[in-house]
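Peer 1: just the structure for this:
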Amino acid sequence: MSDSIIFSVSTWLWTSPFTSETIKLFPKIRSMGYEAVEIPVEYPEMIDAAVVKKALDNEGLKGIVCGAFGPSRDLTHEDPAVHQECFNYLRQCFELCNAFEAHFLAGPMYSAVGKARMVPPEQRKREWELAVANLHKVCKMADEHELSIALEPLNRFESDLVNTVEDVVRMVKDIDHAAARVMIDSFHMTIEERDLEQAILTARDALIHVQVSENYRGTPGTGLTPWESFRRGLEKINYQGAISIESFTPEIKELAGAVCFWKSMAESQDAFAEDGLQFLKGLFK
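Peer 2: Below you'll find the predicted structure:
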């Protein structure tokens, strides 16, 4: 399996939002030993696809595209105009995927991040069905771009709709479209899953992207995450794809506030990236 895994890091580790200027991180990311870079798309209009693609090619990096879903990009919103805004945004993300030769768009695109409420079962059911119906439309859009979508479960403090791998697999089945697939994030899993290996086995062939950080959002290998269980799960399903470190910096106030990041999680962001990569390479050797 290790021969078919590549290692990636999100530019969110250093900065936000991603713009055409963020490509200045690419040489450093490559020199650390990464083979791919995760590009979070907060504002598509700030990204010149041709400039970014050239920079990826110059460094020999693969581009992975992740969406960002705030209140104005909520497919479970009661206002269809909000759905349309999200569809328009997703179309721009799909175009960036094509430009970067990425094969999927990743993220929790079923609802707005931070939408965590106690609602009656009937309302939850309505919102689930709305998410499923809208994501079926999204899958048709993705199909037109020859792409998949990788849906990410979030922990209970960030979503009240999809928290576990079991949840997201059920959603993928309900969407009933070949473009609907799954991604996982070890941070959310350490909060929501009873057994990481079994959770990964639940995803099986639907799993097309993996993000990692520690249980406290720090450097992989420095916390409480049961990494051997995580590795066994990926090995048993013969996962082939990227394992991408995703974390943040308290220096970017808007994003730090959104993800409750009140302090640095490593001596430096570069050390986070370097030490995390060495741990992952050792784990998956």
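Peer 1: where does the protein have its least confident helix or strand?
Peer 2: helix 253-258 (a mean of 89; mean pLDDT, DSSP states H and E).
Peer 1: name the helices or strands packed onto the helix or strand that that helix is followed by?
Peer 2: The element immediately downstream of helix 253-258 (helix or strand, assigned by DSSP states H and E) is helix 269-283. Packing partners of helix 269-283 (3 or more Cβ pairs under 8 Å, 6 or more residues apart in numbering; DSSP states H and E): strand 6-10, helix 26-32, strand 242-245. Quick note: C-beta positions are derived from backbone N, CA and C, even for glycine.
Peer 1: swap in 10 Å and give it another go.
Peer 2: Secondary-structure packing of helix 269-283 (3 or more Cβ pairs under 10 Å, 6 or more residues apart in numbering; DSSP states H and E): strand 6-10, helix 26-32, strand 207-212, helix 227-236, strand 242-245.
Peer 1: pull the CA atoms of the shortest one into CSV?
Peer 2: Taking C-alpha atoms only, strand 242-245 is exported to CSV below (Å, rounded to 0.1, in the frame of the first residue of the first chain):
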residue,chain,number,x,y,z
ALA,A,242,-3.2,11.1,-0.7
ILE,A,243,-2.8,11.4,3.0
SER,A,244,-2.9,15.1,3.7
ILE,A,245,-2.0,17.0,6.8
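Peer 1: what are the pairing partners of that strand, and which direction each?
Peer 2: strand 6-10 (parallel), strand 207-212 (parallel) (DSSP bridges).
Peer 1: give me the angle between the shortest one and helix 269-283.
Peer 2: Our comparison of strand 6-10 with helix 269-283, counting by axes from the mean of the first three to the mean of the last three Cα atoms, to 10 degrees, yields an angle of 160 degrees.
Peer 1: follow-up on the earlier one: which one, of the strands paired with strand 242-245, ends up nearest to C139?
Peer 2: strand 207-212 (13.5 Å; Cβ to Cβ).
Peer 1: for R117, find the nearest of the helices and strands packed on helix 269-283.
Peer 2: strand 207-212 (24.9 Å).
Peer 1: quick check: mean pLDDT of that closest one?
Peer 2: When pLDDT is averaged along strand 207-212, the result is 98.
Peer 1: list the buried residues of that strand.
Peer 2: By neighbour count with 16 or more other Cβ atoms under 10 Å, strand 207-212 contains the buried residues 207-212.
Peer 1: and stretch 261-268, by the same measure?
Peer 2: Of the residues in stretch 261-268, those buried (16+ other Cβ under 10 Å) are 261, 265-266.
Peer 1: please tell me how far V182 sits from N58.
Peer 2: 32 Å (Cβ to Cβ, to the nearest Å).
Peer 1: could you do Y239 as well?
Peer 2: 29 Å.
Peer 1: do G33 as well
Peer 2: According to Cβ to Cβ, G33 stands 17 Å off from N58.
Peer 1: just A271 next, same as before
Peer 2: The value you get for A271 to N58, if Cβ to Cβ is used, is 25 Å.
Peer 1: returning to what we had before: which one of the buried residues of strand 207-212 is nearest to H145?
Peer 2: Nearest member of the buried residues of strand 207-212 to H145, counting by Cβ to Cβ, is I208, at 15.4 Å.
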